[in-house]
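J.: kindly return the folded structure for what I paste below:
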Amino acid sequence: MSDCVKVLVFPPSLSSMRVMIALEEVRCPYTVETVDMFQWEHLRPEHLRLSPLGSVPVMVTVQGEPLVGEKMLQAVQEMGEGRGMVKLFPDGELGSNVLRFLRKLEDLNVGVLTYGLA
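T.: Got it, this is the predicted structure:
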């Protein structure tokens with residue numbers, strides 16, 4: 001499974017579902033590893049090596065590079081383009097607006113709002 005990305009998720013998280021749905025849309029093979037934020041697993045050293053801020057979800061690329069947030073979704077879109085599949089973001093100004101909106105969502109720290117977790 002060397003051509004497979006690994007996704008570390010917290011199952012109740014909408015962000016975790018978002019990245020798995022995106023990977024399904026572009027038909028990219030992936031494995032899932034669960035991170036239990038209620039047990040503080042996102043603050044364990046092995047997770048902090050991948051995501052220094054303890055963010056979840058995290059996608060580890062085939063090359064071993066950990067990605068979070070907007071970079072993760074952009075990488076998924078690039079995987080889809082390489083397969084000639086559906087695009088996750090539109091081209092041009094509309095696509096730029098979508099990415100700008102995603103950045104604003106990331107800045108909100110939704111984990112604190114939805115789960116009381118940082």
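J.: buried ones in the longest helix seen in the chain?
T.: Identified as the longest helix of the chain according to DSSP state H is helix 92-107. Applying a neighbour-count criterion of 16 or more other CB atoms under 10 Å, the buried positions in helix 92-107 are L102. (C-beta placed from N, C-alpha, C; glycine too.)
J.: tell me which other helices or strands that helix touches.
T.: Contact partners of helix 92-107 among helices and strands, from 3 or more CB pairs under 8 Å, 6 or more residues apart in numbering; DSSP states H and E: helix 69-82.
J.: could you check the angle helix 92-107 makes with the helix it packs on?
T.: Here the directions of helix 69-82 and helix 92-107 differ by 140 degrees (axes from the mean of the first three to the mean of the last three CA atoms, to 10 degrees).
J.: quick one: average confidence on helix 69-82?
T.: In this model, helix 69-82 has a mean pLDDT of 78.
J.: mind listing what's buried along it?
T.: Within helix 69-82, the residues that count as buried by 16+ other CB under 10 Å are G69, M72, L73, A75, V76, Q77, M79, G80.
J.: now, which of those residues sits nearest D3?
T.: D3 lies nearest to M79 out of the buried residues of helix 69-82, by CB to CB, at 10.6 Å.
J.: so for the residue nearest to the closest one when sequence neighbours are not counted, what's the pLDDT?
T.: Nearest residue to M79 in three dimensions, chain neighbours excluded: C28, at 4.8 Å (CB to CB, 6 or more residues apart in numbering). The per-residue pLDDT reported for C28 equals 85.
J.: repeat for the one 10 residues further on
T.: Model confidence at F38, expressed as pLDDT, equals 91.
J.: and it, how close does it get to M72?
T.: Remark: distance between F38 and M72 (CB to CB, to the nearest Å) = 22 Å.
J.: where does the protein have low pLDDT?
T.: Counting by pLDDT under 70, the chain contains low-confidence ranges at 1-2, 81-89, 106, 108-118.
J.: the helices in it, which residues?
T.: Taking DSSP H, the helices of the chain run over residues 14-25, 45-50, 69-82, 92-107, 110-115.
J.: reformat those as JSON lines; add distance to E33.
T.: Shown next, in JSON lines, are the helices of the chain (distance: least, CB to CB, whole Å):
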{"stretch": "helix 14-25", "distance to E33": "11"}
{"stretch": "helix 45-50", "distance to E33": "10"}
{"stretch": "helix 69-82", "distance to E33": "15"}
{"stretch": "helix 92-107", "distance to E33": "22"}
{"stretch": "helix 110-115", "distance to E33": "18"}
